[in-house]
Structures are given as structure tokens and as C-alpha cells.
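K.L.:
whatever this is, show me its structure:
(2 chains)
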Number of protein chains: 2
Amino acid sequence: MTPVYDRVALIGLGLIAGSMAHAMRANGLAGEIVGTARSAETRDIARDIGLVDRVTDTAAEAVVGADLVVLAVPVGAMAAVAEDIAPHLAPGATVTDVGSVKRDVIAQVGPLLPDGVHFVPGHPLAGTEHSGPRSGFATLFRNRYTLLTPPEGSDPAAVARLRALWEGMGALVEEMDPDHHDLVLAVTSHTPHLIAYTMVGVADDLRRVTDSEVIKYSAAGFRDFTRIAASDPTMWRDVFLTNRDATLEILGRFTEELFALQRAIRTGDGDLLHDYFTRTRAIRRGILEAGQDTDAPNFGRGDGGGKAG
Amino acid sequence: MTPVYDRVALIGLGLIAGSMAHAMRANGLAGEIVGTARSAETRDIARDIGLVDRVTDTAAEAVVGADLVVLAVPVGAMAAVAEDIAPHLAPGATVTDVGSVKRDVIAQVGPLLPDGVHFVPGHPLAGTEHSGPRSGFATLFRNRYTLLTPPEGSDPAAVARLRALWEGMGALVEEMDPDHHDLVLAVTSHTPHLIAYTMVGVADDLRRVTDSEVIKYSAAGFRDFTRIAASDPTMWRDVFLTNRDATLEILGRFTEELFALQRAIRTGDGDLLHDYFTRTRAIRRGILEAGQDTDAPNFGRGDGGGKAG
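P.N.:
Modelled structure (predicted):
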């Protein structure tokens, strides 16, 4: 495949940037891949394992001559990076990011970038519970959505080129309004993560009561929560601080409904519970039909675990 | 293998009983397997697919001459079944159940059984989101815990024999006090399920706002919730109604912690969030070390989905 970009600079070398490096190489999408990270340890590991073609000590050095710059740092660190690299960006270069929140990133990063540089924010809906420079793999984005949220008036050619890169890495690409992105993600990702963190925290408190049984018997449903709640703490702190309004709105609806179910349990209203649990089954069918999961028992896990009372 | 029981009667032919039938056959654990279900449709399907050796129209017929009777119906239906079968049980037979709640089942079923019949309640911590007579498979219990909660004074030989059956089906068997079982399960299973149902219900309400996007972008964390929330509505209604006290206690702790995190988001307390999210990672490590999950990316799913912001 002809490279989509001649030189890609990855700022941050965690799960997403690392997976992009693997995927770009596997598909011949970049002439050269330059990378950097704030931590010297991460840079050393990246050099050791040859994660990218060249590791620089600073973001400013990394972006020199790059026609694509990818901000792959926690959302709260984006503005500082943008400030560092702004004077060194090549005219006509595209800057994108992979942050989980879009309105805040656009508000913070957009004004810092010089004229003549295209800013096309993005968000790949893919990940695992792992983080760090060793955690990436080439197929992470395959058949997963990547959402681009270009501001009005963006150069269509710059957007199309970034889309071609993501599609080359196997992603399904869609464009979306940033505010709408943040609301949809508050529902599909941010609030579920907060809830999972909370449930795991409660179990942790109870370990003194139940000893290690919470861990031992985790296969009965709790296990899926722990997986969600093992994601990178800094990334998630920043998500909640920057997508505050949408998360609080969805959380409000969540506690309202939870209290209604709690009341039904307390009063013994079995009909309400049964109706509610029947309704939620339909959503699951929709996800299977949309091809975003498999209905094979345990998804091919060999361990037979899953939902049990 | 020598059969552990000469004749096993399965009352109810859903996921658990069906998987027991497959597992007992695969491992030669029962001389004859008799089954019945309340619904004529379920009985017909069971006959068509040869799920058991013999399907009877009533529970009373099924238990005649059985040395093991398995109550595999929703917790709320156990007492009525026990009443039906009591006069027909063979002296010396063992009655067990597979209900997700133990104190309530013991209180309801125990007094209905005649003297000379052993009652050894049990609970296999295994399942999938599927239900019905076609949903079972022989390996469902392999390497999963099955908890037995025999009342004080139970016949050790009867308990040991039931243990041998479960171990023959691949399960790890432990004995536990019924009240303790109900508390541990409220943490590891019942409350997580209620929370997942609630989050999926909230998303369902919002579908009018976000159209099908909630489904389309479910891979970002929400998907795991929908899988949990697709389990059998009747079973789960009964779980919450019968394990009310423990579930409400854990729910109370959950909302307390959720409000603390919500407040941290509102006030911008990033340190609190970061500390909390760091602590929950340790639990995940414990589960991996206990062999109750795998840390392979996406657990061998081919679709690359997982946690993303």
C-alpha cells in the first residue's frame, strides 16, 4: 500500500499510539513513524522493542517535518503538548488526537495551533484493560469504530486523508458533532466505567468481610466489572473531569432508575422487575445484530465463565 | 466412570439442567436421566433433541425411583415444586437445587421434604446470557465453583456423593454457610446484575435521543453490561425478591460510594478519582492470579473490542 502520510509523529506511546504504530507498519501506511513520551522509561522501552522508527526526547523534536501529528496522551495533558509543539509544526500538517472527550479537547487545543495546520480530532472506540508501550497490537482497531469530529470549515482533503489512515488500520470511520460525541460516549462508555469502578471499590471494602471470596467467586458477573475497572487511572480521571456535564447528566438518570428498582425490591414488586429485565434483553439483541459482539457462549473463552446468579 | 447416581431427575430444563444433562452424559455420571419442565413447549423441545433419556409430563412422575432430584427452576417456584414431589420421593433420595439464593430456598423447601430424604442445597457459579432447553452445554461447569450449603446435621455421605457428581462435571466444589453465600453473591453477582440492568435501561430510554448509536458504539464498555443484562428475567426477579436484605445492603454501600465519586467529578477533585481508580486495579490482578479470567487481549475474542473511552 502507498503510505498515506510520509512521516507520522506519535506523542505518547501507550496502548493506542503503540497499536497505531503496529497497525501502520503492518499495512504500510506511514513512510516514517517517530514517537515520544513524557517518561524516560517509556521512551527507553519503545527504543528497546523498536516500537517506532525513531524515538525523540521531546514532542517538539518529534513533530518536525511530520505531515501527521497524533496527540495520544491523557485528555488533561493535551493542551500542554499542543503548546510545546505549536511552533515546530510543518505548514499544511494535520494534527489529530485520540482522546475520549472531544468538546474539551477542541476548546483547549484548537486555539493553540497555528494557521495553516489542520486540526481533525478523532476517537478510536477500541482498547483493552492494558496500558503502556508494550500493550499495543496491530489489530486493535479492526472492525471498531473511529469517530472523527472535524470542526466546521475543516479542509475536506485533510479529513479524507485521516479517514484513509484509520480505514487502512481496519477501523470503521464516522464523522460526528463533538457535543453529540460526548453525550453518546457518556452513555456507552464513561458512565459504565464509573459504575464499574464503584462496584469494584465496594467489593474491595468488603474484602475484610468476605476475605478473598469476592475474587474467588468473581465469575458470577463481577468479573466483567473488574476488567472495565482495570483501565488506566490517569486517562479515566481526565475523562470524567473533562466530560463532566454529560457524565453527571447520565449519572443522574442512572441513580433515578436504580432507586426505582431498589424500591421495587424493597416493596416486593416483582412485576416491575420482570418487565424491566425483559426490556433490557432487546438491546442485547440489537448489539448482536449490529455485529459488535458474538453470541457464542463465553465468546470463545475457554474457561466457561459467565453470568450466574 | 461408574455412575454416581442410578437415576437423576431434573426438574426444569433450562440452561443449568440442560448443561448438567450434557455433562453427566459426557462423563457417565448417571444411570438414567429423567427430566420435566412446566411448559409443554420446553418438554417437546427436550424430547426432540433428546436432551435427557426420558421426559415426563409432571415433576411427580419424574422423581419416582430417582436417587437424585435436582430442582432447577427459578427460586420463586421451588416451594411449589417441592410440594408436588414430596409424596413421591424415594426413601434415601437426595434433593438438591441450583438456585442463586440459599437462605430463602432452605427456609421454603426444607420443611416440605419428608424424613429420610437428604436435602443438600447447591449453587453452580456458571452461566451464560442464554436460557431454555437448547442453551446447555457439557463444559459449562468446568473450572467454575459450585457452592454446596448443607444444613447442620446433613448426612456426610449424601453431601460427599453430590460433591462427586459436581466434580465429575468438572466443577470446583466448596461448602459454605447459606447466609454467607447470600452476602458473597450479593457482592459478586446480584448487585452487579442489578446495576447492569439499570445502565442498559437508561441507555434504552436515551435511544430516542441517540438513535441506534448506543448500540453501534457499544464496544466502548457498555457491551459488557448488555451481556450481563440479557439474562433470564424470571430468574433474576426471583433472586432480588428472595435475596432482598443482602442486595439492599450492598446497594446502599454502592450508592454511597457512587455519590462520593459523583461529587468528586462535580467539584473537580482529580486526586480522589485517580486514587480510587488506582485501588480498583489491584482487584483485577487478584482475579487473574486466582485463575478466574485470562489477561489475553479481548480474551481471545476475534473482534478486538474492549475498553475504550
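K.L.:
who in the stretch 1-150 of chain A is up against chain B?
P.N.:
Proximity of the stretch 1-150 of chain A to chain B is confined to A:76, A:99-101, A:123-130, A:137, A:139-145, A:147 under the rule C-beta under 8 Å from any C-beta of the partner chain. (Each C-beta comes from the backbone N, C-alpha and C, glycine too.)
K.L.:
A:Leu13 is in contact with A:Pro133, correct?
P.N.:
Yes: A:Pro133 lies in contact with A:Leu13 (C-beta atoms under 8 Å); the separation is 4.7 Å.
K.L.:
okay, and the common contacts of the two?
P.N.:
Residues touching both A:Pro133 and A:Leu13 (C-beta atoms under 8 Å, 6 or more residues apart in numbering or on different chains) are A:37, A:42, A:46, A:51.
K.L.:
burial count for the second one?
P.N.:
Read it as A:Thr42. Other residues lying near A:Thr42 total 21 when counted by other C-beta atoms under 10 Å in any protein chain shown.
K.L.:
measure it to chain B for me?
P.N.:
Between A:Thr42 and chain B the distance is 18 Å, computed by C-beta to the nearest C-beta, to the nearest Å.
K.L.:
again, but for A:Ala66
P.N.:
As defined by C-beta to the nearest C-beta, A:Ala66 lies at a distance of 24 Å from chain B.
K.L.:
what of A:Val52?
P.N.:
Counting by C-beta to the nearest C-beta, the separation of A:Val52 from chain B is 20 Å.
K.L.:
once you drop chain neighbours, what's closest to that residue?
P.N.:
Nearest non-adjacent residue to A:Val52, counting by C-beta to C-beta, 6 or more residues apart in numbering or on different chains: A:Gly35, 3.8 Å away.
K.L.:
same question, A:Thr188
P.N.:
With sequence-adjacent residues excluded and distances taken as C-beta to C-beta, 6+ apart, A:Thr188 is closest to B:Phe222, at 4.2 Å.
K.L.:
is it true that the one you found touches B:Glu213?
P.N.:
No: using C-beta under 8 Å as the test, B:Phe222 is too far from B:Glu213 to be in contact (10.8 Å).
K.L.:
more neighbours: which of these two?
P.N.:
Neighbours were counted for B:Phe222 and for B:Glu213 using other C-beta under 10 Å; B:Phe222 has more, 28 against 23.
K.L.:
so what's that one up against?
P.N.:
With C-beta under 8 Å, 6+ apart, B:Phe222 has these contacts: A:187-189, A:192, B:199-200, B:203, B:214.
K.L.:
state the pair within the residues you listed that is farthest apart.
P.N.:
With C-beta to C-beta as the measure, no two of those lie farther apart than A:Ser189 and B:Val200, at 13.7 Å.
K.L.:
could you spell out the sheet neighbours of the helix or strand harbouring the residue nearest to A:Val52, each with its direction?
P.N.:
Here A:Gly35 sits within strand A:30-36, counting by DSSP states H and E. Here strand A:30-36 has these sheet partners by DSSP bridges: strand A:5-11 (parallel), strand A:54-55 (parallel).
K.L.:
tabulate the ones you listed in TSV, adding columns for mean neighbour count, mean pLDDT and distance to B:Asp269.
P.N.:
TSV is the format used below for the strands paired with strand A:30-36 (neighbours: other C-beta atoms under 10 Å in any protein chain shown; pLDDT from 0 to 100; distance: least, C-beta to C-beta, whole Å):
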stretch	mean neighbour count	mean pLDDT	distance to B:Asp269
strand A:5-11	25	98	27
strand A:54-55	19	98	35
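K.L.:
nearest to A:Val117, of those?
P.N.:
strand A:5-11 (12.6 Å).
K.L.:
can you map out the helices along the stretch 201-309 of chain A?
P.N.:
Using DSSP state H, counting those that start in this stretch, the helices of the stretch 201-309 of chain A run over A:213-216, A:222-228, A:233-242, A:244-267, A:270-289.
K.L.:
looking at those, which is buried most?
P.N.:
Neighbour counts (mean count of other C-beta atoms under 10 Å in any protein chain shown) averaged over each of the helices of the stretch 201-309 of chain A peak at helix A:222-228, with a mean of 26.
K.L.:
just the CA coordinates of that helix, formatted as CSV?
P.N.:
Extracted in CSV, the C-alpha atoms of helix A:222-228 (Å, rounded to 0.1, in the frame of the first residue of the first chain):
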residue,chain,number,x,y,z
PHE,A,222,-18.5,-9.3,38.9
ARG,A,223,-15.5,-10.3,36.8
ASP,A,224,-16.7,-8.2,33.8
PHE,A,225,-16.8,-5.2,36.1
THR,A,226,-13.2,-5.7,37.3
ARG,A,227,-12.0,-5.8,33.7
ILE,A,228,-13.6,-2.5,32.9
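K.L.:
now it, how far from the centre of its chain.
P.N.:
17 Å (C-alpha atoms, centre = their mean, to the nearest Å).
K.L.:
packing partners for the lowest-mean-pLDDT helix or strand in chain A?
P.N.:
Taking mean pLDDT, DSSP states H and E as the measure, helix A:213-216 is the helix or strand of chain A with the lowest mean score, a mean of 80. Judged by 3 or more C-beta pairs under 8 Å, 6 or more residues apart in numbering or on different chains; DSSP states H and E, helix A:213-216 is in contact with helix A:191-210, helix B:270-289.
K.L.:
how about the last one, does it reach chain A?
P.N.:
What that stands for is helix B:270-289. Yes: for helix B:270-289, a contact with chain A is found by C-beta under 8 Å from any C-beta, at B:270, B:273-274, B:276-284, B:286-287.
K.L.:
any idea which of those is the one closest to B:Thr247?
P.N.:
Of all these, B:Thr247 sits closest to B:Ile283, with 20.3 Å by C-beta to C-beta.
K.L.:
now the closest one: how far from B:Thr188?
P.N.:
Separation of B:Ile283 from B:Thr188 (C-beta to C-beta, to the nearest Å): 11 Å.
K.L.:
not counting the least confident helix or strand of chain A itself, show me its contacts.
P.N.:
By C-beta under 8 Å, 6+ apart, the list of residues contacting helix A:213-216 from outside reads A:203, A:206-207, A:222, B:145, B:184, B:187-188, B:283, B:286-287, B:290, B:292.
K.L.:
at 6 Å what do you get?
P.N.:
By C-beta atoms under 6 Å, 6 or more residues apart in numbering or on different chains, the residues outside helix A:213-216 that reach it are A:203, A:207, B:184, B:187-188, B:286-287, B:290.
K.L.:
quick one: which of the residues you listed has the lowest pLDDT value?
P.N.:
In terms of pLDDT, A:Arg207 ranks lowest among these, with 67.
K.L.:
which parts of the stretch 51-200 of chain A are strands?
P.N.:
Along the stretch 51-200 of chain A, counting by DSSP state E, counting those that start in this stretch, strands occupy A:54-55, A:68-71, A:94-97, A:118-119, A:122-124, A:145-148, A:172-175.
K.L.:
quick one: neighbours of the residue of the stretch 1-150 of chain A at minimum distance from chain B, just the number.
P.N.:
Among the residues of the stretch 1-150 of chain A, A:Ser100 lies closest to chain B, at 2.3 Å counting by C-beta to the nearest C-beta. By other C-beta under 10 Å, the residues close to A:Ser100 number 29.
K.L.:
try A:Ile49
P.N.:
Look at A:Ile49: counted by other C-beta under 10 Å, it has 11 neighbours.
K.L.:
since that was my last question, I'll sign off now.
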